[in-house]
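Enquirer: Got a sequence here, can you model it:
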Amino acid sequence: MDNMQINSIMTNSEIESTITTSSMIVDDIHNDNDSIVIIGPDIEYIDFRDGTRFWVQRVLVPIIMIIGIIGNSITMIIMTRRRMRSSTNWYLAALAIFDMIYLIFTFILSLKHYPNAHSIEYYYYWNLFPYFTMIADASSNTSVWLTVTFTIERYIAVCHPIKGKVICTESRAKRVILCVFIICLSVTLPTPFEWIIVERYDNRTESQSLEAEFSDLGNNQTYRNIYYHMTVFLFVLIPLILLVIFNSFLIRSVHISNKERSRMVMGKGK
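Expert: From the prediction side, this is the model:
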């Protein structure tokens, strides 16, 4: 009997005795100088994790996706009607489209938590997994910046109406939407290269499985720090600051207009 068979027998016997005495699930076994160290999560943790994944990934995500697709489809149909077309409605229609794309690909990504999802039968799913991730990120980032550009457009139209007639046009809105999408897609292009798909063989079940793991690029700490801080800066901090600023201007403008309107009404009453 060769060394691999001996190690396999020793491992199985140790696992059986340890499960009955420690109530732990074995994940990794390290054999070092005839001593075996068993590392594994608690059964309660695994039950909690699996229960959470079931309700979030297999119940909540599909429900949100269905509701979101229905709502965004209605918005898109209404906003693209000929009599409804305007620069504002082009932004809203584009926002609905990218929100739908994000919902669809988030659902597709959640399929990895379904039973037997790691089976070799789903080879094409796992090989496309990095690209699904890229599309989900790109659509999410595009939605963020479309919200910002739409807010800026509303600020110009409300606070500077004369300039707004020149700047806030349908053709300009379409160009801005296209530019935002291209830039956001370009930023997320490295995402597929952060992943590799590895094939594993389980001796216990005599079956193959597929896993998505970080590649050398994905594990590169310098790249991760730079890319993480860049995405946080571009898609969280800057949009948030701009939204706060321009929405404050809009609220202030509306407040001033209401005060002037009230003053005029009171003047007419006298």
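
Enquirer: And the next helix or strand past the longest helix along the chain?
Expert: Among the elements of type helix in the chain, defined by DSSP state H, the one spanning the most residues is helix 123-159. Following the chain from helix 123-159 toward its C-terminal end, the next helix or strand by DSSP states H and E is helix 161-167.

Enquirer: helices or strands up against that following helix?
Expert: helix 123-159 (3 or more CB pairs under 8 Å, 6 or more residues apart in numbering; DSSP states H and E). All C-beta spots, glycine's among them, are computed from the backbone N, C-alpha and C.

Enquirer: Pull the distance from the helix it packs on to the chain's centre.
Expert: Averaged C-alpha coordinates place helix 123-159 at 10 Å from its chain's average position (CA atoms, centre = their mean, to the nearest Å).

Enquirer: what pLDDT, on average, does the longest helix of the chain get?
Expert: Along helix 123-159, the predicted local confidence has a mean pLDDT of 96.

Enquirer: same thing with stretch 76-87?
Expert: 90.

Enquirer: Spit out the contact partners of the residue nearest to Ala157 when sequence neighbours are not counted.
Expert: Taking CB to CB, 6 or more residues apart in numbering as the measure, Ala157 lies nearest to Gly164, with 3.9 Å between them; neighbours along the chain are not counted. Contact partners of Gly164, counting by CB atoms under 8 Å, 6 or more residues apart in numbering, are Ile156, Ala157, Val158.

Enquirer: what's the closest non-adjacent residue to Glu211?
Expert: Leaving aside its chain neighbours, Glu211 sits nearest to Val198 (5.3 Å; criterion: CB to CB, 6+ apart).

Enquirer: Let me see the domain layout of this protein.
Expert: Domain assignment for the chain, taken from automatic domain parsing, gives 3-39, 56-256.

Enquirer: Tell me which of these sits most buried.
Expert: Mean neighbour counts were compared across the domains of the chain using mean count of other CB atoms under 10 Å; the top stretch is domain 56-256, at a mean of 15.

Enquirer: Now do it: distance from first to last residue.
Expert: Domain 56-256 has an end-to-end distance of 45 Å (CA to CA, to the nearest Å).

Enquirer: rewinding a little: between the domains of the chain, which gets nearest to Arg263?
Expert: When the domains of the chain are compared for distance to Arg263 using CB to CB, the nearest one is domain 56-256, at 10.6 Å.

Enquirer: quick check, distance from that closest one to the centre of its chain.
Expert: Worked out by CA atoms, centre = their mean, domain 56-256 lies 7 Å from the chain centre.

Enquirer: and which of the contacts of Gly164 is nearest to Cys168?
Expert: When the contacts of Gly164 are compared against Cys168 (criterion: CB to CB), the nearest one is Ala157, at 5.0 Å.

Enquirer: show me the contacts for the closest one.
Expert: Ala157 makes contact with Thr88, Gly164, Cys168 under the criterion CB under 8 Å, 6+ apart.

Enquirer: Please tabulate those residues in TSV, including the columns distance to Arg263.
Expert: Below are these laid out as TSV (distance: CB to CB, whole Å):
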residue	distance to Arg263
Thr88	29
Gly164	24
Cys168	28
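
Enquirer: Between these, which sits nearest Val144?
Expert: Scanning the contacts of Ala157 for proximity to Val144, where the rule is CB to CB, the winner is Thr88, at 17.9 Å.
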